[in-house]
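Chemist: predicted structure and sequence below. I'll ask about it afterward.
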Amino acid sequence: MKVKIRIRPTGAYNGEVWPEVGETIDLPDHVARGMAASGLVEITNASAQKAAVEEDVEFRPAPEVVVETATPQSHIRTAKDHAEATRKAAAAKPVASKGK
């Protein structure tokens with residue numbers, strides 16, 4: 001498939017340096033489609049361009065909307081609630097005596 005270079009890639013393709021911007025090169029269909037999709041090249045043949053676009057389009061139904069509902073969880077506390085609960089627990093513990 002013949003393509004025109006829009007953004008010149010670095011390096012080489014099949015041992016050859018990429019053409020300059022605006023020049024054309026013949027690439028395998030899968031390579032040309034991938035590069036066209038990323039904007040690096042422009043497909044020059046109108047029928048090939050239409051075929052490349054039509055082949056890549058996939059239609060599928062939209063997913064069903066699932067509404068997630070949150071369940072209140074009483075065991076989740078804020079830092080303030082946690083500190084207060086710790087103080088209450090410490091106050092409720094009996095202190096062990098040190099002597100006989």
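Modeler: Perfect, I can see it now.
Chemist: same question for stretch 26-46, mean pLDDT?
Modeler: Taken as a whole, stretch 26-46 carries a mean pLDDT of 88.
Chemist: ok, what's across the strand from residue 5?
Modeler: Taking DSSP bridges, one finds residue 41 as the beta-bridge partners of residue 5.
Chemist: surely it and residue 22 touch.
Modeler: Yes: in terms of Cβ atoms under 8 Å, residue 5 counts as a neighbour of residue 22; the distance is 6.6 Å. From N, CA and C alone the C-beta is placed, and that goes for glycine too.
Chemist: give me the most central residue, this structure.
Modeler: Nearest residue to the geometric centre of the chain (Cα atoms, centre = their mean): residue 38, 15.5 Å.
Chemist: give me every residue that touches that residue.
Modeler: Contacts of residue 38 were listed using Cβ atoms under 8 Å, 6 or more residues apart in numbering, and none were found.
Chemist: could you rerun that using 10 Å?
Modeler: If you count contacts by Cβ atoms under 10 Å, 6 or more residues apart in numbering, residue 38 has them with 6, 7.
Chemist: quick check: it vs residue 92, distance?
Modeler: Computed with Cβ to Cβ, to the nearest Å, the distance linking residue 38 and residue 92 is 66 Å.
Chemist: do residue 42 as well
Modeler: Applying Cβ to Cβ to residue 42 and residue 92 gives a distance of 77 Å.
Chemist: one more: residue 5?
Modeler: Distance, residue 5 to residue 92, using Cβ to Cβ: 78 Å.
Chemist: and residue 40, by the same measure?
Modeler: In this structure, residue 40 and residue 92 are 71 Å apart, going by Cβ to Cβ.
Chemist: again with residue 22
Modeler: Using Cβ to Cβ, we find residue 22 at a distance of 82 Å from residue 92.
Chemist: same deal with residue 45?
Modeler: Taking Cβ to Cβ as the measure, residue 45 and residue 92 are separated by 83 Å.
Chemist: between these two, which one's more packed in?
Modeler: Per other Cβ atoms under 10 Å, whichever of residue 45 and residue 92 has more neighbours is residue 45, with 13 against 7.
Chemist: lowest-confidence helix or strand of this structure?
Modeler: Of all regular secondary-structure elements in the chain, judged by mean pLDDT, DSSP states H and E, the least confident is helix 46-56 with a mean of 61.
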